[in-house]
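**Student:** I'll drop the sequence and a predicted model, then ask my questions.
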Amino acid sequence: MDFDTLAGDIKRWGRELGFQQLGICEADVSDQSERVRRWLARGFAGSMGYLSRNLEARLDPASLLPDTIRVISARMDYLAPDTQPLTILKDSRRAYVSRYALGRDYHKVLRRRLAKLAARIQETAVGANCRAFTDSAPVLEKALGQKAGLGWIGKHTLLLTRDAGSWFFLGEIYTNLPLPVDAAETEDHCGRCVACINVCPTQAIVGPRQLDARRCISYLTIESHDPIPEDLRRSIGNRVFGCDDCQLVCPWNRYARASAEADFAPRHGLDDATLIDLFLWNEAEFLSHTEGSAIRRINYRQWSRNLAVALGNADYDPLIVAALSARRDGSNRAGSDASGSSEAGSEQMVREHIDWALGEQRRKRAAASAQ
């Protein structure tokens with residue numbers, strides 16, 4: 001088998017499937033062990049216990065696919081054109097949804113295409129064994145992307161490339177084929193820039209390439225099922241699902257190109273929705289409007305919790321007070337009917353955030369009246 005030719009074919013096939021860049025690296029990530037273990041030991045993972053439970057698999061790709069010796073790392077750009085993120089962030093009445101979640105769930109898009117690429121490799125190379133991953137298994141995707149020459153790890157902990165910034169998804173194919181490897185990106189092109197560290201609303205980036213997830217808005221609004229710490233709520237602003245601030249200020253993202261991928265185009269007006277409109281969705285509407293979306297990573301109670309905080313952070317509006325009050329009255333009745341159940345506990349969490357939001361709205365009304 002001419003593996004040099006095959007590597008070139010794989011990259012060509014990947015581009016035909018919609019990937020902007022592919023690279024190949026050795027599967028050894030043992031050099032990441034100390035860094036990852038130190039990060040976990042500091043408690044920065046918060047409630048994401050799966051990161052510790054699956055640590056050995058992350059550090060040993062062959063545990064996911066026996067005889068793995070190479071990793072094909074693939075990049076797909078996702079930033080939809082004309083979504084005006086800065087305009088949305090400045091309007092306290094509107095909901096900010098992280099740009100990656102506006103369209104179809106990237107897990108589905110990338111996994112399907114990587115599976116096609118893996119199948120084609122196996123059809124072409126006798127004895128090939130391949131397995132595709134898209135943020136769906138314990139994989140150190142950013143470290144592998146750097147080893148494969150796709151970019152370097154920025155100070156915000158995301159993979160960066162000079163040609164496209166950081167607005168992209170990553171996916172991998174593990175394989176037993178001895179493909180030629182690409183040169184790793186060894187330079188740090190961030191230089192002395194600390195824009196991402198300075199802009200973080202909750203100061204979650206505690207140092208270059210050091211993220212305390214417990215303070216990160218993406219963790220607080222997506223990963224965490226717990227009440228959002230009160231001292232961080234005002235800093236969340238109108239961000240109801242994730243946060244992009246560190247990417248929005250990164251100078252390298254001026255080179256990012258808008259994605260022409262139809263699957264990543266915004267759905268259901270989520271790129272320009274008002275907080276009240278989203279808060280008034282019942283659970284059935286939430287499930288309907290987020291079908292096939294990465295927003296399904298959270299449930300309706302988390303969604304309501306996040307929106308309640310954002311409504312509390314909005315400028316005073318009697319319509320906001322009315323919407324919060326109506327939902328609180330309704331959840332009171334639901335809670336009394338399901339006393340002691342986990343659902344009742346979830347509703348209690350939502351009510352607590354609604355109460356906080358109502359207090360914030362009253363405080364702003366009083367401040368405006370005193371002027």
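**Tutor:** Right, received. Where do you want to start? Residues are numbered from 1 along each chain as shown.

**Student:** Return, as residue ranges, the portions of the stretch 201-350 of the chain with sub-threshold pLDDT.
**Tutor:** 331-345 (pLDDT under 70).

**Student:** Give the burial count for Ile153, as a bare number.
**Tutor:** 18 (other Cβ atoms under 10 Å). The way it works is simple: take the backbone N, C-alpha and C, and place the C-beta from them, glycine included.

**Student:** And it, its phi and psi?
**Tutor:** The phi/psi pair for Ile153 (degrees, to the nearest 10) reads phi -80, psi 120.

**Student:** Name all residues that make contact with it.
**Tutor:** For Ile153, the contacting residues are Lys142, Ala143, Gln146, Leu159, Leu160, Arg209, by Cβ atoms under 8 Å, 6 or more residues apart in numbering.

**Student:** which of those residues sit farthest apart?
**Tutor:** Using Cβ to Cβ, the pair of those lying farthest apart is Ala143 and Leu160, separated by 13.5 Å.

**Student:** between the two, which one's more packed in?
**Tutor:** Neighbour comparison, Ala143 and Leu160: the larger count goes to Leu160, with 27 against 21 (by other Cβ under 10 Å).

**Student:** Tell me, how many residues neighbour Leu51?
**Tutor:** By the criterion of other Cβ under 10 Å, Leu51 has 16 neighbours.

**Student:** ah, wrong one, I meant Ala204
**Tutor:** Neighbour count for Ala204, taken as other Cβ under 10 Å: 25.

**Student:** go on, Ser52?
**Tutor:** 13.

**Student:** Doesn't it belong to a helix?
**Tutor:** Yes. Counting by DSSP: H, G, I helix; E, B strand; the rest coil, Ser52 is part of a helix.

**Student:** So the protein: which segments form each domain?
**Tutor:** In terms of domains, the chain is parsed into 3-80+104-175, 197-370 (source: automatic domain parsing).

**Student:** any idea which helix or strand carries the nearest residue to Thr83 once chain neighbours are set aside?
**Tutor:** Among residues not flanking Thr83 along the chain, Asp271 sits closest, at 4.5 Å (Cβ to Cβ, 6 or more residues apart in numbering). Secondary structure from DSSP states H and E places Asp271 outside every helix and strand.

**Student:** How many residues are close by Asp271?
**Tutor:** By other Cβ under 10 Å, neighbour count at Asp271 equals 21.

**Student:** what residues are up against it?
**Tutor:** So Asp271 contacts Ala80, Thr83, Gln84, Ile88, Val97, Leu102 (Cβ under 8 Å, 6+ apart).

**Student:** Mind putting the residues you listed into TSV with secondary structure and distance to Ser224?
**Tutor:** Formatted as TSV, the contacts of Asp271 follow (DSSP: H, G, I helix; E, B strand; the rest coil; distance: Cβ to Cβ, whole Å):
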residue	secondary structure	distance to Ser224
Ala80	coil	27
Thr83	coil	25
Gln84	coil	28
Ile88	helix	23
Val97	strand	17
Leu102	coil	22
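
**Student:** from those residues, which single one is nearest Arg297?
**Tutor:** Distance to Arg297, by Cβ to Cβ, is smallest for Val97 among the contacts of Asp271, at 12.1 Å.

**Student:** Was I right to think that closest one contacts Ile295?
**Tutor:** Yes. Using Cβ atoms under 8 Å, Val97 is in contact with Ile295, at 7.3 Å.

**Student:** thinking again about what came up before, which phi and psi does the residue nearest to Thr83 have?
**Tutor:** phi -80, psi -10.

**Student:** these two touch, right, Gly149 and Glu187?
**Tutor:** No. Gly149 is beyond contact range of Glu187, at 11.4 Å (criterion: Cβ under 8 Å).

**Student:** Pick out whichever of those two has more residues nearby.
**Tutor:** A direct count of neighbours by other Cβ under 10 Å for Gly149 and Glu187 places Gly149 higher, at 20 against 7.

**Student:** Quick one, grab the pLDDT at that one.
**Tutor:** For Gly149, the pLDDT comes out at 98.

**Student:** Show the contacting residues for it.
**Tutor:** Gly149 makes contacts with Gly23, Cys25, Asp182, Ala183, Ala184, Glu185, as judged by Cβ under 8 Å, 6+ apart.

**Student:** What strand or helix carries it?
**Tutor:** Gly149 is located outside every helix and strand, with elements delineated by DSSP H and E.

**Student:** Just the buried ones from the contacts of Gly149?
**Tutor:** Gly23, Cys25, Asp182, Ala184, Glu185 (16 or more other Cβ atoms under 10 Å).

**Student:** Adding pLDDT, distance to Leu232 and secondary structure, write those residues out as TSV.
**Tutor:** Converted to TSV, those look like this (pLDDT from 0 to 100; distance: Cβ to Cβ, whole Å; DSSP: H, G, I helix; E, B strand; the rest coil):
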residue	pLDDT	distance to Leu232	secondary structure
Gly23	98	37	strand
Cys25	98	37	strand
Asp182	98	40	coil
Ala184	97	36	coil
Glu185	95	34	coil
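
**Student:** Can you say which two of the residues you listed are spatially most distant?
**Tutor:** Largest pairwise distance in the buried ones among the contacts of Gly149, by Cβ to Cβ, is 10.5 Å, between Cys25 and Glu185.

**Student:** Now Leu79. Nearest residue, chain neighbours left out?
**Tutor:** Once flanking residues are discounted, Leu79 sits nearest to Trp167: 3.9 Å by Cβ to Cβ, 6+ apart.

**Student:** quick one: the helices in the stretch 101-250 of the chain?
**Tutor:** 106-124, 141-147, 195-199, 217-218, 230-236, 245-248 (DSSP state H, counting those that start in this stretch).

**Student:** of the ones you listed, which approaches Arg362 most closely?
**Tutor:** Across the helices of the stretch 101-250 of the chain, the minimum distance to Arg362, taken as Cβ to Cβ, is reached by helix 230-236, at 14.8 Å.
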